[in-house]
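**Q** structure for this input, please:
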Amino acid sequence: MAVDMKKLTGLVAATFTPLTVDGEINLSVIEPYIDYLTNKQGVTKVFVNGTTGEGCSLTVDERKRLAAEWCLKGKGKLEQVIVHVGCMCIKDSQELAQHAASIGADGIAVISPSFFKPTNAEALRMFLKEVGASAPNLPLYYYHIPSMTGVSLEVADVLQGIEKMIPSFKGVKYSGIDLRDLGQCVSYSQSHNWSVLYGVDEQLLGALVVGVHGAVGSTYNYIGCIVNQMLSAFDTGNTTQARDLQFKSMEFITYARSLGFDVAVNKQVMSVLSGLALGPPRLPLLPCSASKSQDIAQKIKSIFFKN
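**A** So this is what the prediction gives:
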């Protein structure tokens with residue numbers, strides 16, 4: 001049975017993976033990265049080796065080393081470290097899950113395989129079950145991101161009866177745009193005390209109305225302090241302030257998209273805003289021009305940090 005751990009709620013930063021100019025992982029950046037998140041952004045929970053972290057472009061060994069460093073340097077500073085362990089190969093996912101348990105991670109998340117895809121909800125539940133069994137004392141979260149995996153099974157269907165198959169199951173990171181399916185997930189989760197966290201940053205307010213318990217996103221690395229204000233405004237019933245802050249997030253992301261806003265560009269924007277040397281992306285992602293990242297960073301400053 002899963003250990004009874006603190007429920008995952010609030011803001012979670014989907015972290016970037018620091019690389020050297022030669023394309024090797026750069027563990028020396030992790031500690032100042034943690035300090036930046038906690039001291040400058042007020043973000044104390046992280047989601048490591050996910051989409052933002054280029055997890056599926058990293059080797060199993062690299063993912064282990066990164067996860068271990070986040071857990072080690074995060075002790076006493078971070079509240080929760082969730083490690084994404086999803087892979088195309090179930091054996092690799094199981095190995096990463098076992099490793100996450102051994103380093104003191106606070107939970108694991110798993111995407112669906114996307115080359116050979118599960119054909120129905122039962123197949124996906126079976127995959128999650130086998131991964132979860134490798135770390136039975138860690139909370140397990142299903143990471144739904146159909147835009148990347150091409151797996152568009154309704155998550156509400158995947159959740160049906162999953163608690164009987166996977167005692168360690170604790171919720172969903174929902175990075176899709178179907179608010180009806182999302183609402184059904186929230187509804188089903190209520191009797192199990194699971195966490196449903198939303199992963200589309202520019203639509204977070206709509207998900208909060210539906211009842212999600214928090215959010216996991218890349219932009220929370222550098223505007224986490226602003227989004228925390230939005231969460232606080234929503235929680236206190238100040239819908240006008242919450243809406244205004246969401247509109248500002250939409251404005252910046254719309255502008256960034258007009259320039260081609262992918263993980264590589266986002267990573268460089270984070271470097272500009274934070275001063276952290278996060279390095280280039282890994283192929284097939286291509287680095288962006290300095291002018292593009294500077295333009296987006298300046299737009300963010302003009303929208304959120306005028307004073």
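**Q** and the host helix or strand of Met270, what does it pack onto?
**A** For Met270, the host element (DSSP states H and E) is helix 263-274. Applying 3 or more CB pairs under 8 Å, 6 or more residues apart in numbering; DSSP states H and E, we find helix 263-274 packed against helix 220-235, helix 239-258, helix 290-304. Quick note: C-beta positions are derived from backbone N, CA and C, even for glycine.
**Q** now the strands for the protein?
**A** 10-14, 45-48, 80-84, 107-111, 140-144, 169-174, 195-198, 214-217 (DSSP state E).
**Q** what comes into contact with the fifth one?
**A** By CB atoms under 8 Å, 6 or more residues apart in numbering, the residues outside strand 140-144 that reach it are 2, 8, 50, 82, 84, 86, 107-112, 124, 128, 131-132, 155, 158, 166, 168-176, 195, 197.
**Q** do the same with the third one
**A** Outside of strand 80-84, the residues that reach it under the criterion CB under 8 Å, 6+ apart are 6, 8, 12, 44-50, 53, 55, 67, 70-71, 74, 96, 100, 105-111, 141, 143.
**Q** each with direction, which strands does that strand pair with?
**A** Within its sheet, strand 80-84 is paired with strand 45-48 (parallel), strand 107-111 (parallel), according to DSSP bridges.
**Q** any chance of TSV for the ones you listed, columns mean pLDDT, distance to Leu231 and mean neighbour count?
**A** Below are those laid out as TSV (pLDDT from 0 to 100; distance: least, CB to CB, whole Å; neighbours: other CB atoms under 10 Å):
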stretch	mean pLDDT	distance to Leu231	mean neighbour count
strand 45-48	98	13	27
strand 107-111	98	20	25
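**Q** among those strands, which comes closest to Gln246?
**A** Nearest to Gln246 among the strands paired with strand 80-84 is strand 45-48 (20.4 Å), distances taken as CB to CB.
**Q** sorry, back to before: out of the helices and strands packed on helix 263-274, deepest packed?
**A** Highest mean neighbour count among the helices and strands packed on helix 263-274 (mean count of other CB atoms under 10 Å): helix 220-235, with a mean of 20.
**Q** grab the CA positions of it and hand them over as PDB.
**A** The C-alpha coordinates for helix 220-235 follow below in PDB (Å, rounded to 0.1, in the frame of the first residue of the first chain):
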ATOM      1  CA  TYR A 220       5.600  28.800 -13.300                       C
ATOM      2  CA  ASN A 221       9.300  28.600 -13.400                       C
ATOM      3  CA  TYR A 222       9.500  32.400 -14.000                       C
ATOM      4  CA  ILE A 223       6.000  33.800 -13.300                       C
ATOM      5  CA  GLY A 224       5.200  31.500 -10.400                       C
ATOM      6  CA  CYS A 225       4.900  34.500  -8.100                       C
ATOM      7  CA  ILE A 226       2.200  36.000 -10.300                       C
ATOM      8  CA  VAL A 227       0.300  32.700 -10.700                       C
ATOM      9  CA  ASN A 228       0.400  32.200  -6.900                       C
ATOM     10  CA  GLN A 229      -1.400  35.600  -6.700                       C
ATOM     11  CA  MET A 230      -4.000  34.300  -9.100                       C
ATOM     12  CA  LEU A 231      -4.500  31.200  -7.000                       C
ATOM     13  CA  SER A 232      -4.900  33.300  -3.900                       C
ATOM     14  CA  ALA A 233      -7.300  35.600  -5.600                       C
ATOM     15  CA  PHE A 234      -9.400  32.700  -6.800                       C
ATOM     16  CA  ASP A 235      -9.400  31.100  -3.300                       C
END
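**Q** noted, bye for now.
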